[in-house]
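In: Pasting the sequence and the predicted coordinates here, then a few questions.
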2 protein chains.
Amino acid sequence: MPHDDRSLRTIEEAWRLIAAEVRPLATESVPLLRAHGDVLAESIVAAMDLPPFDRAMMDGYAVHAADVAAAPCELHIAGDAPAGAVVEQAVQPGACLRINTGAPMPPGTDAVVPVEWTAPGSAADHVRVERSITVGRHVARRGENRRCGQVVLAAGTRLHAAQIAAAATTNVETVTVHRRPRVAIVSTGDEVVELGSALRPGQIIDSNGPMLVALTREAGGRIFTDDDSQPRGWTHVRDEAELLREALIRALRADVVIAVGGMSKGTLDLVPDAFERLGARWVFHGVAMRPGKPVAYGVGPDGQHIFGLPGNPVSSLVCFVLFVQMVIDGLQGLPATPPERILATAAEPFLPVRDPRPAYVPARLDFRSPGRQTIRPVPWRGSGDPIGAGRANALAHQPKGDVEIPVGTLLEAIPLAGAFDPVGDDRTPTG
Amino acid sequence: MPHDDRSLRTIEEAWRLIAAEVRPLATESVPLLRAHGDVLAESIVAAMDLPPFDRAMMDGYAVHAADVAAAPCELHIAGDAPAGAVVEQAVQPGACLRINTGAPMPPGTDAVVPVEWTAPGSAADHVRVERSITVGRHVARRGENRRCGQVVLAAGTRLHAAQIAAAATTNVETVTVHRRPRVAIVSTGDEVVELGSALRPGQIIDSNGPMLVALTREAGGRIFTDDDSQPRGWTHVRDEAELLREALIRALRADVVIAVGGMSKGTLDLVPDAFERLGARWVFHGVAMRPGKPVAYGVGPDGQHIFGLPGNPVSSLVCFVLFVQMVIDGLQGLPATPPERILATAAEPFLPVRDPRPAYVPARLDFRSPGRQTIRPVPWRGSGDPIGAGRANALAHQPKGDVEIPVGTLLEAIPLAGAFDPVGDDRTPTG
């Protein structure tokens, strides 16, 4: 498939083309406590008022607010209202009950005076209230968070910790979520050998396989492998058509297939042809960007999402973040939209990358400067330098790669996993 | 332990006190492919030049740059230089070899002319080169990423996907990392019952247990449980001194113990006393903030890091993010520093929270506004409302809780997990 510069898609076109193909995967029912990171396929609706009763929000004394309007004053302590128990008998005017945070409000009381606003009374069963209080103060009203029947979490919400708390409070044990996409990773290239191999001249270690497994997990995808001989999570094949065909047939049992390497113009670039012979249709092949220009996206014979990523590790990193991630998002039930970008001020110049295409380059976001976040390039030698990229926590966007970005320019950056890791005082955590 | 307002720590004091107590855990050796998310305890040093040979970075023709100085011109194609193989014989002046990305440069050649810059020659074994090229163009030089003996990733680096690629390229199979902290979670409160229970009057579901398990995992901690009857990852105990004591004794086998609930002033607040009787020393108890004022941090009898978090779920969320997270970071080998904060413009006013203390309130970051990121409060009813907080993807800082923050103010926000999830066009994914 040719891809001279005239036939290249823009990044925005590629995003639109991908978005048009992605639909969420089927739903499944899972225990809430195993749904961390899943995306709701059905809204969670409150099956009761939340909170289910008027609830004290402070430790102190449940009172009639009218009784302490002229505070300081004294009240008779008629007993206790502990959390987890229900007081049946109404509290008489002029009296109060000791109450704990979380306890139901005793009948007749309408506010909680915190312990801090009180002092010992003139007798052991009296308390001195120092301040007056408004009706309802330090009380969470039954149903004030949600009424029975109201939506607690909408379909499409991903369940991170805060959302798990919201769901748990409604007492739902099981939630309906979208299945996580299974992602198969096939790395190619005769020069590429597996981690731990004795390197012969001309060989390099496969860094794409381990990196794509980690990227897939960071994106919420599941690693697909049907082959116990490949426990590492990816398959490497040599540049031979039959081996590649067999590997792709197995990989097409997944929801997403990422083939890396072999997508450029050389004679050994077998991947596009192998996919086509298996019934795949390419949606685009080639995007006007740097690195990552040879990236290809298509649809497999059974609707699988297939990617051909260029083999240089920084190219495949950039292509994953720009394009694969949004497919994994969309299959999980999130919107299939381009990655969120954060604005940061260039703290150092970004040098031209010798190409007018837009560039996404490894960079380091820093949140320590007072009043702004900054970004600076990391030293790297181009798409074949994963070590330079290993210092990055973001990809910075250079709209025109052949134009220097001066200090002070506001740049868009895509945060990578770890963008919010603490970095210490020297700001150069990775050497 | 008293904590009237005069004895409260500031948030900054609390951060300093915690940082002074935290040291990284012991190191262990793990396979690189299982070290995703771990923090390096020892730097990774290149054991060879990287790349290990002069390497073609494009598909095309390996040439003597001097031969094409007067391009357009024709060169004789003397053969192939495939990736993964080594050409021994020097290429003669006026000749070139077909070369693939990743292949070693054949002896005598010094640049790669990309296929795109060529056309068929006058004979089948000739190629027409349209453009001249500089020496070294489209070639990655041996050792240009790192020389043998240079640091590839420094101690203290967390291994996300990009760092795993950097490490893999050096062919290290095993890395030395800090052990992940084991975190034990004990929730208390007679009114609190486990998810799935039939609620009796006065009872609510424990949302803290599931939330703290998820927060711990998001922070990189491991859930500690020694008790197969508690497969969910936390223990709930009623407000009885002996039960609490037994639960804390078990929990103190972990590196971090989080007790939630029972840290305020009520008569049933047994947690501080129970920890003290087991030999713990409190470092602080009470921070001038909202929510979360009763938070306590201390050191257990064997150096464990112990926390007492207030029982309202939004309070415990805020305290985890502000204080527990930095302990987990530090134990893993990252700097034990306060959470990174991102600057965003208030898109809606943040109303006063009726208290002069600094507040951290649930909020929603949005990266879609051209030219800036924005933040707005989410509707919530206070620290007892996890449902409101379930709409948040960040905590926004109100430096003085009793002062309204007008639209347009630049606010600090701590992103929560999912801050960069795509949110769709309506921007209210959890409504």
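Out: Received the coordinates, thanks. Residues are numbered from 1 along each chain as shown, chains lettered A, B, ... in the order given.
In: got the contact list for residue A:178?
Out: By CB atoms under 8 Å, 6 or more residues apart in numbering or on different chains, the contact list for residue A:178 reads A:24, A:25, A:26, A:27, A:28, A:38, A:39, A:41, A:331, A:332, A:333. Heads up, the C-betas are built off the backbone N, CA and C, glycines and all.
In: number of nearby residues for residue A:173?
Out: Residues lying near residue A:173 (other CB atoms under 10 Å in any protein chain shown) number 13.
In: Quick check: it vs residue A:163, distance?
Out: 16 Å (CB to CB, to the nearest Å).
In: picking up where we left off before, columns neighbour count, pLDDT and secondary structure on top of the contacts of residue A:178, output as TSV?
Out: Formatted as TSV, the contacts of residue A:178 follow (neighbours: other CB atoms under 10 Å in any protein chain shown; pLDDT from 0 to 100; DSSP: H, G, I helix; E, B strand; the rest coil):
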residue	neighbour count	pLDDT	secondary structure
A:24	21	98	coil
A:25	19	98	coil
A:26	7	98	coil
A:27	17	98	strand
A:28	14	98	strand
A:38	23	98	coil
A:39	25	98	strand
A:41	20	98	coil
A:331	25	98	helix
A:332	25	97	helix
A:333	23	97	coil
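In: for those, which one is nearest residue A:377?
Out: Lowest distance from residue A:377 to the contacts of residue A:178 (CB to CB) belongs to residue A:332, with 32.0 Å.
In: What sits closest to the closest one if chain neighbours are left out?
Out: Counting by CB to CB, 6 or more residues apart in numbering or on different chains, the nearest residue to residue A:332 once its immediate chain neighbours are dropped is residue A:39, at 4.8 Å.
In: Repeat that for residue A:275.
Out: residue A:306 (5.8 Å).
In: what residues are up against that neighbour?
Out: A:252, A:256, A:257, A:259, A:275, A:280, A:297, A:298, A:299, A:300.
In: of those, buried ones?
Out: A:252, A:256, A:257, A:259, A:275, A:280, A:297, A:298, A:300 (16 or more other CB atoms under 10 Å in any protein chain shown).
In: closest to chain B among the residues you listed?
Out: residue A:259 (14.9 Å; CB to the nearest CB).
In: got a pLDDT number for that closest one?
Out: pLDDT for residue A:259: 96.
In: quick one: strands adjacent to the strand or helix carrying it?
Out: Using DSSP states H and E, residue A:259 sits within strand A:256-260. Take DSSP bridges as the rule and strand A:256-260 pairs in its sheet with strand A:182-188 (parallel), strand A:305-309 (parallel).
In: which is the next helix or strand following that strand?
Out: Assigned by DSSP H and E, the successor of strand A:256-260 is helix A:271-277.
In: quick one, the helix or strand that that following helix is followed by and strand A:305-309 angle?
Out: Proceeding N to C from helix A:271-277, the next assigned helix or strand is strand A:281-285, under DSSP H and E. Angle of strand A:281-285 versus strand A:305-309, following axes from the mean of the first three to the mean of the last three CA atoms, to 10 degrees, is 40 degrees.
In: Would you mind listing the buried residues in strand A:281-285?
Out: In strand A:281-285, counting by 16+ other CB under 10 Å, buried: A:282, A:283, A:284, A:285.
In: Now for those residues: which two are most distant?
Out: A:283 and A:285 (8.4 Å).
In: Show the residue spans covered by the strands in the stretch 101-250 of chain A.
Out: All strands of the stretch 101-250 of chain A, identified by DSSP state E, counting those that start in this stretch, fall at A:111-114, A:118-120, A:126-129, A:139-140, A:151-153, A:174-178, A:182-188, A:192-193, A:204-205, A:222-223, A:235-237.
In: Please tabulate these in CSV and include mean pLDDT and distance to residue B:135 as additional columns.
Out: Formatted as CSV, the strands of the stretch 101-250 of chain A follow (pLDDT from 0 to 100; distance: least, CB to CB, whole Å):
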stretch, mean pLDDT, distance to residue B:135
strand A:111-114, 96, 78
strand A:118-120, 96, 85
strand A:126-129, 97, 88
strand A:139-140, 96, 74
strand A:151-153, 97, 61
strand A:174-178, 98, 53
strand A:182-188, 96, 30
strand A:192-193, 92, 27
strand A:204-205, 94, 23
strand A:222-223, 96, 43
strand A:235-237, 92, 33
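In: Please parse chain A into its domains.
Out: What automatic domain parsing lists as the domains of chain A is A:5-26+A:180-332, A:27-50+A:144-178, A:55-140, A:342-415.
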